[in-house]
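# sequence? don't have it. structure:
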C-alpha cells in the first residue's frame with residue numbers, strides 16, 4: 001500500500017509501508033462478516049511444497065509418538081505464544097491421549113480442540129480433525145461449558161456438527177467458569193459486541209481487563225492510537241487486535257469513552273448495525289433497499305454514511321485492509337498511528353509531531369518488565385514504520401528530539417521477537433529517513 005503523507009504547502013510525498021506493518025489477529029471477525037483474516041506470518045511460499053512437507057511431518061510425528069510420549073501442555077493462541085506446525089500436531093496427539101484416559105476431562109478436550117484448530121494456521125486444513133473432536137466431545141461431555149464453547153467456535157468457523165451457533169453460545173455464557181483464558185475472553189467480548197448486547201459486553205470487557213490476560217504492550221499501543229484522536233472521534237478498523245484492546249481501555253480503565261469504536265466487519269450484522277446507527281445518530285442503508293453490485297459496495301456505503309455525518313472526526317487504523325480504505329485514499333492523512341479523514345489538505349505532519357511530543361506514551365518501548373506476547377513484541381515495531389518520517393525534520397530542527405525518538409524506535413525494533421534479517425529491514429527505515 002502506498003500512503004500519501006500530505007504536508008501543507010508541499011506536494012504529496014509517498015512511501016510504502018503497509019506490507020511492513022505487523023498484523024495480529026486471532027479471532028476471525030471475517031467469520032461474521034466477509035473480510036480476510038490476516039495471518040501472523042508466511043511459513044511456506046510454495047503451497048505444493050507446503051502440503052508435501054506437512055504430510056511428511058504429520059507422518060513423522062505419528063511414528064515418533066510410538067517411541068516417545070510428548071507431555072501435554074496448555075495450547076495457547078499463536079498470538080500469545082508462537083509455535084510451529086509440529087508442536088501443534090504433537091499436542092493434538094498428547095491431548096487426545098488425555099481424553100482417552102479420562103473422557104470427562106474438559107481441559108483435555110479444550111486443548112485437543114485448540115491444537116487441531118491452530119494446526120490450520122500453517123496452511124493445512126484441520127477442519128475434519130476439529131469436527132471429529134466436537135463430535136466426540138458431544139458424547140463425552142455434553143451440557144458442559146467446554147462443549148458448548150467449542151461447538152459455538154466450530155459452528156462459527158464452518159465445521160460444526162449443527163448450525164445452532166447462538167444456542168451453543170448462550171448455553172456456554174450461562175455457565176461461564178470462574179477461570180477463563182485469552183481465547184474465552186476474546187470470543188465472548190466479540191460475540192456480545194456483534195450481538196449489540198452492550199451491557200454484557202461491557203461487563204465481559206471489564207472482567208477481561210481485570211484478569212490481566214491481555215497484552216500490556218498491545219493495550220499501550222491502542223492507548224496511544226486513542227490519544228492521538230480528537231474528542232468524540234470515530235475509530236474504524238477490521239482486526240481483533242485493533243478493536244478489542246480499545247474496548248478494554250474504555251470499559252476496564254474507563255478512559256477514552258468519548259470515542260466510538262467501529263468494527264467494520266460487524267457492519268454486516270443487522271443487530272450491530274442498528275445499535276451503531278442509534279449510537280451515532282445516523283440511518284444506515286439496508287442491503288435490500290439498494291442496488292449494490294457487491295457486499296464491498298454496500299460496506300463502502302455504510303462507511304460513507306459515517307464519514308458524511310462526522311467528517312474529519314473519522315479515523316482508520318493503519319492496518320485496515322487497503323481493500324476497505326482505497327476508496328478514500330486521497331482524503332486520508334497520516335497523523336502517526338492512525339489515518340484521519342479530511343476533505344481538505346492540512347498540515348498533518350504538525351499534528352503527527354504533536355502526538356509524538358505531547359500525547360503518545362513511548363517510554364514502554366525502552367524496556368519491558370513482564371513476559372510479553374510474541375505478537376505484542378512485534379507490534380511495537382510498527383512505531384518505526386509509522387514514525388520514521390519524522391526523523392529528518394528533527395535532525396534539522398531539534399537534535400535532542402531526534403535522539404530521543406531514534407532511541408525509542410530502535411528499542412522497539414531490538415525488543416521485537418523477529419530474526420536479525422527482519423530487524424535490519426526495520427532499522428533500514430530509520431537510516432533511510
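Perfect, I can see it now. What you are looking at is a predicted structure, and each value in this text was computed from that prediction instead of being measured.

# kindly state the pLDDT recorded for residue 182?
Here the pLDDT value assigned to residue 182 is 88.

# tally of neighbours for the residue lying closest to it once chain neighbours are set aside?
In this structure, residue 182 finds its nearest non-sequential neighbour in residue 213, 5.1 Å apart by CB to CB, 6 or more residues apart in numbering. Placement of C-beta: from N, CA and C, glycine included. For residue 213, the count of nearby residues is 15 (other CB atoms under 10 Å).

# how much space separates residue 213 from residue 189?
Remark: distance between residue 213 and residue 189 (CB to CB, to the nearest Å) = 11 Å.

# phi first, then psi, for residue 234.
Main-chain dihedrals, residue 234, degrees, to the nearest 10: phi -110, psi 120.

# wait, it touches residue 263, no?
No. At 12.0 Å, residue 234 does not count as touching residue 263 under the criterion of CB atoms under 8 Å.

# what about the two, which has more around it?
Per other CB under 10 Å, whichever of residue 234 and residue 263 has more neighbours is residue 263, with 27 against 22.

# residues in contact with the residue nearest to residue 182?
When contacts are counted by CB atoms under 8 Å, 6 or more residues apart in numbering, residue 213 touches 181, 182, 185.

# could you report the separation of the nearest residue to the first one once chain neighbours are set aside from residue 79?
If the residues on either side of it in the chain are set aside, residue 181 comes closest to residue 213, at 6.6 Å by CB to CB, 6+ apart. Note on residue 213: its distance to residue 79, by CB to CB, is 11 Å.

# and what of residue 301?
To residue 79, residue 301 is 32 Å away according to CB to CB.

# the closest residue to residue 314 other than its chain neighbours bridge partners, please.
In space, and not counting its chain neighbours, residue 314 is closest to residue 341: 4.3 Å by CB to CB, 6+ apart. For residue 341, the residues forming beta bridges with it (DSSP bridges) are residue 332.

# ok, residue 341 to residue 331 distance?
According to CB to CB, residue 341 and residue 331 sit 6 Å apart.

# do residue 178 as well
Relative to residue 331, and taking CB to CB, residue 178 is found at 49 Å.

# between the two, which one's more packed in?
The neighbour count for residue 178 versus residue 331, taken as other CB under 10 Å, is higher for residue 331 (20 against 4).

# contacts only, for the more buried one.
The neighbourhood of residue 331, defined by CB under 8 Å, 6+ apart, consists of 341, 342, 343.

# surely the first one meets residue 309?
No. Judged on CB under 8 Å, residue 341 makes no contact with residue 309 at a distance of 11.6 Å.

# quick one: which of those two has more around it?
Per other CB under 10 Å, whichever of residue 341 and residue 309 has more neighbours is residue 341, with 21 against 14.

# show me the contacts for that one.
So residue 341 contacts 307, 311, 312, 314, 315, 316, 328, 331, 332, 333 (CB under 8 Å, 6+ apart).

# can you check what pLDDT the model gives the most centrally placed residue in the chain?
What sits nearest the mean C-alpha location of the chain, by CA atoms, centre = their mean, is residue 241, with 2.7 Å. Predicted confidence (pLDDT) for residue 241: 87.

# please apply the same query to residue 117.
The per-residue pLDDT reported for residue 117 equals 87.

# do the one 4 residues further on as well
At residue 121 the predicted local confidence, pLDDT, stands at 71.

# count of neighbours near it?
22.

# kindly report the same for residue 82.
With other CB under 10 Å as criterion, residue 82 counts 17.

# repeat that for residue 80.
Residue 80: 18 neighbours (other CB under 10 Å).

# swap in residue 419?
Residue 419, neighbours per other CB under 10 Å, totals 8.

# and residue 255, its phi and psi?
Dihedral pair for residue 255: phi -120, psi 150, per degrees, to the nearest 10.

# assign the nearest residue to it once chain neighbours are set aside to helix, strand or coil.
Once flanking residues are discounted, residue 255 sits nearest to residue 249: 5.7 Å by CB to CB, 6+ apart. Following DSSP: H, G, I helix; E, B strand; the rest coil, residue 249 is assigned to helix.

# next one: the one 5 residues further on
In three-state terms, and counting by three-state DSSP, residue 254 is coil.
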